[in-house]
Each structure stands twice: as structure tokens, then as C-alpha cells.
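1. Following is a predicted model, sequence given first.
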Amino acid sequence: MSGRIIGSVVLGVFAAFAVGCVPAGGEEEITDIGIRDIGPAVVLDMFVPREMGNDDPIDVGTDDDPDGSIADDAAPVVDMAPPVERGDADCRALDACLRACGDADCSRRCREMAPPEGAALYDAIFICARESGCTEPGGALNEVCMETNCSDERLACFGPPAPLDCQGLNACLGQCAEGDQECIDSCNGAASEEGRRTFEGLVQCIDEAACAPEDAACRQGACADFLEACFGVAVVPVGDSDCETLAACINACEPGDADCTNGCFGDSAPEAFNTYQAAIDCLRAAEAQCPEGDQACTQEICEAEIRACIPNDGPTPGGPGTCEQFDDCLRECPDNDQPCIDACIEATSQEGFDQYLAFVDCLNMQCPEGSAPSCGLISCEGPIEACLGEVAVPRGALGCSAFNDCLGTCAEGDQACTDRCINSASARGYDLLLGAINCVNDSGCAPGDADCQQLNCGAEINACFNDF
């Protein structure tokens, strides 16, 4: 019985996140097709303002949006009494625990230790973000949207935020629409005096450097000390790598590996840095002109800037295939079979290809290697549904054993029944069952050979059946 159930779960569940198993070599080729896939986080702390006239607001780029602004008459910092402490210690502890994790077992332990009330408050933040449309392509959260729609959920977990430092002020201003003085005033009012002073010093340095508007490398070099004071790091491009090499280098870095990306920038030539910067600036500005998540639109607008960095010498999407068909095609390719991967890309429509990249962006950002299987379903539900259609998400209360029993009531091929069971399962129950499934699949045991399965996967199976 259990062997049949496990086999059916593989068919019913793995389709929801099989994209995580892209053949080796395919991911590198995909990310090299366009600068768009490099993502905002890659250039964290690297953006600097464009040259402006003396009477203009000064734009300061961020890791999320290069177009923040602070007006000369921005509201002063207001001395306020310390806010009354609010929030939930258990929710904050869960957040800190998960942030410190680098593998699925650690994440499970964090969840196991968290009281249900604290975990519910933590999950409520991301549920609100999804329902309010605050999740951007790639999985990042739009801070202005979150502040407008989900401030109560965040306050319930974390309590009032600490005053913004220079980097926080820069990020906050980067979320403000051009000319939105209310947003600008709110950011300045939320900043500490030291944060504002450091930020204003950076702005003054950039103004006095008088670099050409397109010369980001010049500003990096002229204001390295101020950038380091604000962001903690200032990388000046002094190498000889061209823009295409720079993009490939960044794509090869693990998500969040600042040392790796900083090394890429430092090894690049100033001209390459500027070309790369111009492409990213264009893509981010284009987001305001395109429907949310429409990467085909942003790429079309910035075709010249992208190709100035990365020549169009690779495969391009041009077929009728959907995102789901592209995912299926990639999973059929043997490891390192680049011609097969190229053929999949060429058979896919631009829309399907962009949906897939948004899906992969989110997984890379939210669920690093070693994350629990449920991570992708919970954290990237929107991009997954855009690619594969509606998917079931384990947000229920059933433990692994009960989840397995539920699946045992489903007829072969009854996806609706399987989805109901997944929706009823807890994230831990879901992860434990898939751990047992993966072990059995990798063990080489024949279907129904309980002795073989117990011998090779006894720990995983017992962990499942002991989780009610």
C-alpha cells in the first residue's frame, strides 16, 4: 500500500516544483541570455546617482530600484519618544532562526521549535504580501506596498522598526515614485540623524565629483569612502573584464554571495561596469512602463542596452511552447546536453520563457540549495502558478503519516484528491513524505518491496510515520 502511495505522490507532486531539477548546464545558458536575469540583488550597494542639475532632486540607486530621490527641502528628522515595544518574541525568533539556516534540516528544526502562534504570525506576513500583490518578480517584496498593505502583520511579528541607517534610507527612497513628496518625507522621518547625515555626505560627494551621467565607475571611484560608510562596501572597477564576462561572472555566483559579486565588479573594466550599469538602469526604468512581471516588455525596451553588454549569439525563444512545456522539455535533457537545452529554448514562446525565468529567479532567491521541498511552493506560489497553473500548497495541519493516509484514499490519477491532501498537509508533513519518496526512488528498490525500502530508507520512513 505505502509503495503505491509513494509512487503516486511522485507523479502528482513533483510536477509542481520539478523546475528545480534543471539539467546541469541549462541554468548557466539561460541566465546568460539576458542581463535581466542577473536581478537587482546582484548589484547590491553598487548603484550611485545619475548626474543631476543643481535644482533637481538627486537620484540614488538601490539594490531594488535605482530611482530614489531626496529633495532639498526634505522633512527634518523629528525627535520622537521611543515607540512602545510590540511584536511577538516567538515570531522574531523564528525569523532569526530561518535566516541563519543554510539547509532544509535546519529550516525544519526552526519550524519544529516555533510555537504555532509565532509561526502563524510569521506566515501571515507572506500571505498578506501575496494577496496584496507585493511580491515582485524574483520573490522580492516591494517595501512601499508592504508598508501600505501589510504593516500590521509585520508589526505584530517584529514590532516597530528601528530608525533607518544610510543604506535603509537609500532603499526606502528608492521605492518612492518620482515626485512623491509624501513618500520622501516618510523615509526621511524614519531615518536616524546619523543615517541622514551619512546619506547627505554621499549625495554631496557625488554632486562634487561631477562625473558624466553615464560614468558610474567614476562615481564609484570618487566616492568610495562615502559609499563604504553608507553601504559597508565600495567596489571600484579596476580590472579588464568586458561586460559579457562581468555578466557571466555574476551569474556564476551563488545568490547572496556578496564577496563573489564584488569580485566580479572589481575585476571588470570601468567601461564594462558602465555598460552593465546602463543595461540594469534601463531595465528597472522599463518596469514602470510594462505590466508587472512582463519581462518580454522590459527586454524589448532595453534591447540595445542589453546587446551592448551581451551579444545575441545564443538561442532565443521563438516557438509556441508554454512555460510548462519548456519545464517538461528541460527535464528530458541529459545533464550537460547544451544542444538539447538550446532546442527547448527555441521551441518556447517569449512569454513562456519569461515566466520560467521569473519562476527560477524566485526559487534562487527564496529557496537556496538544500531548502525544504515545501519552500518553493510556499514562497514562490505566484510564479509557479503563472508557469504551471494552479498548484496545491501545504499550509494545513496534517502530519506526514496522516498526509500519506490521505493520499492513500485517492484513486490513481485523481489529481483533485491529491491536491486536497497536499492543501491539508503541514509543511513539515509534506517535507517528510517527500524525503521518504526521494529516498525510496533513489534506493533502487522495486515497487512494493517493503523490506528493501525499510533497509535503505528506514530512518526517513519512520520519521514520516511518527509525524502525526
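-> Looks like it came in fine.

2. Can you get me a residue count around D451?
-> By the criterion of other Cβ atoms under 10 Å, D451 has 8 neighbours. All C-beta atoms are positioned from the backbone trio N, CA, C, and that covers glycine.

3. Correct me if wrong, but it is in a helix.
-> Yes: under DSSP: H, G, I helix; E, B strand; the rest coil, D451 falls within a helix.

4. I'd like the distance from it to G458, if you could.
-> Distance, D451 to G458, using Cβ to Cβ, to the nearest Å: 10 Å.

5. element containing the most centrally placed residue in the chain, please.
-> Centroid-nearest residue in the chain, with Cα atoms, centre = their mean: M365, separated by 3.1 Å. Using DSSP states H and E, M365 sits within helix 350-366.

6. for that helix, packing partners?
-> helix 26-31, helix 295-301, helix 323-332, helix 373-379, helix 381-388 (3 or more Cβ pairs under 8 Å, 6 or more residues apart in numbering; DSSP states H and E).

7. can you redo those as a markdown table with distance to N262?
-> Shown next, in a markdown table, are these (distance: least, Cβ to Cβ, whole Å):
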| stretch | distance to N262 |
| --- | --- |
| helix 26-31 | 19 |
| helix 295-301 | 26 |
| helix 323-332 | 31 |
| helix 373-379 | 26 |
| helix 381-388 | 28 |
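
8. mind giving me TSV with these and columns for mean pLDDT?
-> Shown next, in TSV, are the helices and strands packed on helix 350-366 (pLDDT from 0 to 100):
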stretch	mean pLDDT
helix 26-31	31
helix 295-301	82
helix 323-332	93
helix 373-379	88
helix 381-388	89
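
9. so which of those comes closest to G263?
-> helix 26-31 (17.6 Å; Cβ to Cβ).

10. so where do the strands sit in the chain?
-> Shown for the chain, the strands assigned by DSSP state E span residues 58-60, 68-70.

11. I'd like the helices and strands packed on helix 350-366 written out as JSON lines, with mean neighbour count and distance to I345 added.
-> Shown next, in JSON lines, are the helices and strands packed on helix 350-366 (neighbours: other Cβ atoms under 10 Å; distance: least, Cβ to Cβ, whole Å):
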{"stretch": "helix 26-31", "mean neighbour count": "19", "distance to I345": "7"}
{"stretch": "helix 295-301", "mean neighbour count": "19", "distance to I345": "14"}
{"stretch": "helix 323-332", "mean neighbour count": "19", "distance to I345": "8"}
{"stretch": "helix 373-379", "mean neighbour count": "22", "distance to I345": "22"}
{"stretch": "helix 381-388", "mean neighbour count": "21", "distance to I345": "15"}
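
12. list the contacts for the closest residue to C176 other than its chain neighbours?
-> Nearest non-adjacent residue to C176, counting by Cβ to Cβ, 6 or more residues apart in numbering: C183, 3.7 Å away. Counting by Cβ atoms under 8 Å, 6 or more residues apart in numbering, C183 makes contact with 144, 175-177.

13. Give me the below-cutoff pLDDT ranges for the stretch 1-150 of the chain.
-> For the stretch 1-150 of the chain, the stretches with pLDDT under 70 are 1-86, 102-104, 137-139.

14. repeat that with 90
-> Along the stretch 1-150 of the chain, segments meeting pLDDT under 90 span 1-87, 95-113, 126, 129-148.

15. Run a quick neighbour tally on A308.
-> A308 has 17 nearby residues by other Cβ under 10 Å.

16. The nearest residue in space to it that is not next to it in sequence and I310, how far apart?
-> Closest residue in space to A308, ignoring its immediate chain neighbours: T275 at 5.4 Å, by Cβ to Cβ, 6+ apart. T275 is 10 Å from I310, where distance means Cβ to Cβ.

17. So which of the two has more stuff around it?
-> Using other Cβ under 10 Å as the criterion, T275 and I310 rank with T275 on top: 24 against 21.

18. Mutual contacts of T275 and I310, please.
-> In contact with both T275 and I310: C243, using Cβ under 8 Å, 6+ apart.

19. Give me the mean pLDDT for the helix holding M365.
-> On average, the pLDDT along helix 350-366 is 87.

20. Then stretch 414-426?
-> Rounded mean pLDDT across stretch 414-426 is 93.

21. Flag every buried residue along that stretch.
-> The neighbour-count check on stretch 414-426 (16 or more other Cβ atoms under 10 Å) flags 418-422, 424-426 as buried.
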